[in-house]
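J.: Could you work out the structure for the sequence below:
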Amino acid sequence: MSYAESWYPLNTDAVEKDDAQAKLNLKIVDPSDDHSIYTFQFNRAAKTAKLLEKKVYNPAGYIIGGQIYDNTDIQIQEESNLDYVYHLIW
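T.: Take a look at the predicted model:
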């Protein structure tokens, strides 16, 4: 599995969405086996994503860091990992 292929939604049943927006957590596994859980908010019409928060865990599952972001919109590029998630949502 490549690093890019390690992006996946934690629980697709837990996606909070309507026709305009969706909020979900994505888990990304690093090559070191640490993993990060990112909370994103997607905007369907604008095709943007907002990174809200990140939590980092070691391979044993203990939290080792985190960050809250400034909610800056990220334009979703075609065929990117975020584009793949966007199309899973809608």
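J.: For the residue nearest the centre of the chain, which non-adjacent residue is closest in space?
T.: Compute the mean C-alpha point of the chain, and by CA atoms, centre = their mean the closest residue is residue 26, 3.5 Å away. Distances taken as CB to CB, 6 or more residues apart in numbering put residue 38 closest to residue 26, at 4.8 Å, once the chain neighbours are dropped. Bear in mind the C-beta positions are built from the backbone N, C-alpha and C, glycine included.
J.: pLDDT score for that neighbour?
T.: On pLDDT, residue 38 comes in at 89.
J.: mind starting the numbering at 21 from now?
T.: Okay, using 21 as the starting number, the last item reads as residue 58.
J.: what's the helix or strand where it lies in contact with?
T.: Element membership for residue 58, per DSSP states H and E: strand 55-63. Contact with strand 55-63 is made by 30, 37, 40-50, 68-77, 79, 91, 93, 96, 102, 105-106, 109, as judged by CB atoms under 8 Å, 6 or more residues apart in numbering.
J.: List the buried residues of it.
T.: The neighbour-count check on strand 55-63 (16 or more other CB atoms under 10 Å) flags 55, 56, 57, 58, 59, 60, 61, 62 as buried.
J.: And the residue of the chain most remote from its centre, which helix or strand is it part of?
T.: The centre of the chain is farthest from one residue, residue 80, which by CA atoms, centre = their mean lies 21.0 Å away. Using DSSP H and E, residue 80 falls within no helix or strand.
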